[in-house]
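Asker: when you get a sec, could you give me coordinates for this:
(2 chains)
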Protein chains: 2
Amino acid sequence: MHSFQELIAQFVKQFDQQQFPQHPASLYNAASHILKIGGKRIRPVLSLMGNELFDEIHPDAWQVGFAVELFHNFTLVHDDIMDKAPLRRNHPTVHTLYGDPAAILAGDVMLVYVYEHLNKVQSRYKQKIITVFNRAAIQVCEGQQLDMDLEAMDPAQVQYDDYVNMIALKTSVLLAASLQLGAIIGGGSEGNQAYLYNFGRNIGIAFQIQDDYLDAFGDPEKFGKQQGGDILANKKTFLLLKALEMCNPAQRTRLQELLDSNSESKVADMLQLFRDCKVDAWAAKEKERFQQLAFDNLESIAVFSARKRPLMELAEFLLSRQQ
Amino acid sequence: MHSFQELIAQFVKQFDQQQFPQHPASLYNAASHILKIGGKRIRPVLSLMGNELFDEIHPDAWQVGFAVELFHNFTLVHDDIMDKAPLRRNHPTVHTLYGDPAAILAGDVMLVYVYEHLNKVQSRYKQKIITVFNRAAIQVCEGQQLDMDLEAMDPAQVQYDDYVNMIALKTSVLLAASLQLGAIIGGGSEGNQAYLYNFGRNIGIAFQIQDDYLDAFGDPEKFGKQQGGDILANKKTFLLLKALEMCNPAQRTRLQELLDSNSESKVADMLQLFRDCKVDAWAAKEKERFQQLAFDNLESIAVFSARKRPLMELAEFLLSRQQ
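Answerer: Below is the predicted model of the structure:
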């Protein structure tokens, strides 16, 4: 058994040795850029841990790890084009450096390479691996489209459940599938695979609620982002959508005014309104609820609890950020 | 045995029954649009014919056919964004109708669905199928990048061989791989697969030379395009690049003047120059040369020649356009 920290270190070492071809340089330099600027490498480590929950790590788990990490980075390259984002992890985005055409194409070729890795796993579970992976990949695309659809809507028209569904598709199903893919390789039963998948999905949602909460209420110095960035951008978040649901008519009018305003006190005023609606307390509870659901899923997996410890530790690490 | 016309009709019927999910409509309407505006469906029919060259058509050949046709359409969606093309097959392009973000995403999800089809083929040759498909898919991406790289260069700086290599990657390897994928399913030997692959590759190059020739010298009424469209756009073609190689210094100066000019007689003047350099006669011979290479490849395949007749007929159909 390995801790998640050990697995991240091992994965980073192996992943950094993967190389695209040299030519055409204009294509592969663009693809390499997004990989070089780093990232937490959480998804591939989930695959390794999903494997190790049931058995020793098999070489196929590394291939699946390369695949899910490459896929995640492909989505970042294309999402950044769609969002016209200038920066990613404090570096210029691929399309900023290489132009939209090369960035589109770099993403495309990365997606083909994803399947080069998946094609290397053993025949006996290759069909299942590609089926589970593809379901997640399709859902991630659908989630990104739903995100753009919701962004174009008036916040008051967005249903909370639709937002949770979008977040689950866009961010959580790949975490869930990464775990399940590892479990398939480790020989976990269908039932245990499902528990593990749901564990990942619920952790992902809890993490997103925490992320929204910290953007609003976190200490900007510790959180590393501008406080209230989401509020300034009128971004739809768990907090904003739930506030719209929980507030009284007067608060709702005030909220709409704040959305339309660009005053200097916009962040402070919105935070006060969130507190008045008690949406800050709600968010803490909602995160707790999804976290508890995840831990129940993990509890249900039929292996000795000692084997679950690394996953528990990773979940607690991800969900313990106070700032 | 079936004629290529019969197989096209059968494929169109089956392909039109394939449906994307309904939701999110904004994603799948964009993906469906490119499929609805038609196309010759040559690539999937090559897979069916590659199979039938060796054995009765197996259900897996249809899955491979769906995959290669979907992949081809995915490349059209993304290429049209990169080229900022307003029209495709006389219809508005996907990004014109749905915007760049939805078009990027529609292409992405189509590429994932490609592998849904490939994942349905039998386990015993799945690895080989995905390997051959991926090699072609990667080469198509590389070819598109090389095309953009060459477009940005001065025509006089482009080497003819680099251009042929780009065309082969961008357009011919998918034709070649479509045939080979069918041959794998039909049980063709490695040697026969290689001959069939090269047959497709050479037919593809011959077709592109013919296309360039007809754009310049074809009868616009029969060819269905504006005559000299490539010349007006200073597009790099077999004719232009070979003219630069074959012309004398005086002709070269004249050619450079014409490239820099926008006069009304530009097309007529360039055609005269092409004739003076004898590049029209060269193109006819060069097409003939690749066609002969292709027929030699077909000849080398170790099956009764009667089985090769449909492929021969398709090649002659594709390469017999006089206008």
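Asker: C-alpha only now, for contacts and for neighbours.
Answerer: Noted.
Asker: quick check, pLDDT for A:Gln18.
Answerer: What the model reports for A:Gln18 is a pLDDT of 89.
Asker: what about it, how many neighbours?
Answerer: 9 (other C-alpha atoms under 10 Å in any protein chain shown).
Asker: give me the phi and psi for it.
Answerer: phi -70, psi 130 (degrees, to the nearest 10).
Asker: and for the one 4 residues further on?
Answerer: When quoted as degrees, to the nearest 10, the phi and psi of A:Gln22 stand at phi -80, psi -30.
Asker: list the contacts for it?
Answerer: Residues near A:Gln22 by C-alpha atoms under 8 Å, 6 or more residues apart in numbering or on different chains: A:Tyr28.
Asker: A:Phe54 now?
Answerer: Applying C-alpha under 8 Å, 6+ apart, the residues near A:Phe54 are A:183, A:186-188, A:303, A:307.
Asker: spatially nearest residue to A:Ile57 (excluding sequence neighbours)?
Answerer: Nearest residue to A:Ile57, sequence neighbours excluded (C-alpha to C-alpha, 6 or more residues apart in numbering or on different chains): A:Asn51, at 5.9 Å.
Asker: which SS state does the one you found fall under?
Answerer: helix (DSSP: H, G, I helix; E, B strand; the rest coil).
Asker: of the contacts of A:Phe54, which is the most crowded?
Answerer: A:Ala183 leads the contacts of A:Phe54 on contacts (other C-alpha under 10 Å) with 29 neighbours.
Asker: and A:His91, how many neighbours does it have?
Answerer: 13.
Asker: just checking, it touches A:Lys36?
Answerer: No - counting by C-alpha atoms under 8 Å, A:Lys36 is not a contact partner of A:His91; they are 10.2 Å apart.
Asker: residues from the stretch 101-250 of chain A in reach of chain B?
Answerer: For the stretch 101-250 of chain A, the contact set with chain B under C-alpha under 8 Å from any C-alpha of the partner chain comprises A:101-102, A:104-105, A:108-109, A:112-113, A:115-116, A:119-120, A:123, A:127, A:130-131, A:134, A:137-138, A:141-142, A:145-146, A:149.
Asker: and these, which of them are buried?
Answerer: Neighbour counting by 16 or more other C-alpha atoms under 10 Å in any protein chain shown classes A:101-102, A:104-105, A:108-109, A:112-113, A:115-116, A:119, A:127, A:130-131, A:134, A:137-138, A:141-142, A:145-146 among these as buried.
Asker: how near is the residue nearest to A:Ile57 to B:Asp100?
Answerer: A:Asn51 is 39 Å from B:Asp100, where distance means C-alpha to C-alpha, to the nearest Å.
Asker: and what of A:Tyr113?
Answerer: Distance from A:Tyr113 to B:Asp100, by C-alpha to C-alpha: 24 Å.
Asker: farthest from the middle of chain A: give me that residue.
Answerer: A:Ala250 (35.5 Å; C-alpha atoms, centre = their mean).
Asker: would you say it is within a strand?
Answerer: No - counting by three-state DSSP, one finds A:Ala250 to be helix, located in no strand.
Asker: phi first, then psi, for the nearest residue to A:Met246 once chain neighbours are set aside.
Answerer: Nearest non-adjacent residue to A:Met246, counting by C-alpha to C-alpha, 6+ apart: A:Cys277, 6.3 Å away. In terms of degrees, to the nearest 10, the main-chain angles of A:Cys277 are phi -80, psi 0.
Asker: can you show me the strands along the stretch 51-200 of chain A?
Answerer: Assignment of strands within the stretch 51-200 of chain A using DSSP state E, counting those that start in this stretch yields the ranges A:87-88, A:91-92.
Asker: ok, the residue in the stretch 101-250 of chain A positioned nearest to chain B - contacts?
Answerer: In the stretch 101-250 of chain A, the residue that lies nearest chain B is A:Pro101 (4.9 Å; C-alpha to the nearest C-alpha). Applying C-alpha under 8 Å, 6+ apart to A:Pro101 gives the contacts A:95, B:81-82.
Asker: does A:Gly186 touch A:Asn51 like I think?
Answerer: Yes - counting by C-alpha under 8 Å, A:Gly186 touches A:Asn51, with 4.2 Å between them.
Asker: check the contacts of A:Phe54 and tell me the two furthest apart.
Answerer: A:Gly187 and A:Arg307 (14.4 Å; C-alpha to C-alpha).
Asker: if I look at A:Ile203, how far off is A:Asp161?
Answerer: 17 Å.
Asker: ok, the two, which is more surrounded?
Answerer: A:Ile203 (25 against 10).
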